[in-house]
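sequence first, predicted coordinates after that:
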Amino acid sequence: AREDARPTKLTTHYQFFECGDLAGLTSCAVAYSGMTNTKAAPRIPQAPLADGQVWQMAELNLQVGMVGKLLVHYKLAKPNAVRIPNLVGSIATINKFLKKNKAVLLPPVPVAPVVVKKKPVAKKKPVVAKTKTVAAKKK
C-alpha cells in the first residue's frame, strides 16, 4: 500500500486504499485491526486425568478407569450404553481429544459404601477325646 493513499472504505478486517488508479478500478487491501492491546481471555486449566473421572461431551461420555505413567484405560460410549469396551490410549492423546471435543468434567457421584454382613458363627463345643476304659478293652 502506498503511504499517501487515502482510506475509502472501512470494514472489520481490511481497510481499502486508493492505490493511484485514477479510474478507481483497483484498490489495495491492507490488514486493519480495529482493536489494539487485546488480551486473550483467561482459560480455565483442564483438570489432570484421574481414576474414576467422567467427562461429558455432546454425544459421548468418557469414563477414566486407570491412569498410569503414560497410558490411560478408559471407556468411551453413549451415556446409556450397555456394553462398553475398554480402550487404552496415551495421556497426551486423551487430553487432546477432550480439549477438541470441549469435554466437561462431571462432578463425582457419591457411592454408598458396601457393607458386608457377616453371618454369626455358632460356637463349637470343644471335642473331648473319648478314652476307652480297661473294661471295654477286655470285651
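Done, it's in.

helices of the protein, start to end?
91-100, 134-138 (DSSP state H).

of these, which shows the lowest average pLDDT?
Ranked by mean pLDDT, the helices of the chain end with helix 134-138 at the bottom, a mean of 62.

show me the shaky parts of the chain.
Within the chain, the segments meeting pLDDT under 70 span 1-37, 40-41, 43-44, 111, 131-139.

how about 50 then?
Scanning the chain for pLDDT under 50 picks out 10-11.

just the strands in it please.
7-10, 14-18, 27-31, 54-56, 61-67, 71-77, 86-90, 104-105 (DSSP state E).

and the shortest one, what does it pack onto?
Counting contacts by 3 or more CB pairs under 8 Å, 6 or more residues apart in numbering; DSSP states H and E, strand 104-105 is packed against strand 54-56. In this view, the C-beta of every residue, glycine as well, is placed from N, C-alpha and C.

who are the packing partners of the strand it packs on?
Applying 3+ CB pairs under 8 Å, 6+ apart, we find strand 54-56 packed against strand 61-67, strand 104-105.

so for A92, which of these sits nearest?
strand 61-67 (12.5 Å; CB to CB).

that closest one to helix 91-100, inter-axis angle?
If you take axes from the mean of the first three to the mean of the last three CA atoms, to 10 degrees, strand 61-67 sits at 160 degrees to helix 91-100.

strand 61-67 pairs with which strands, and in what direction?
strand 54-56 (antiparallel), strand 71-77 (antiparallel) (DSSP bridges).

give the buried residues for the longest one.
So that's strand 71-77. Buried residues in strand 71-77, counted by 16 or more other CB atoms under 10 Å: V72, Y74, L76, A77.

for those, which one is nearest G65?
Nearest member of the buried residues of strand 71-77 to G65, counting by CB to CB, is Y74, at 5.7 Å.

my guess is that closest one contacts L60, does it?
No - if you go by CB atoms under 8 Å, Y74 and L60 don't touch, sitting 11.1 Å apart.
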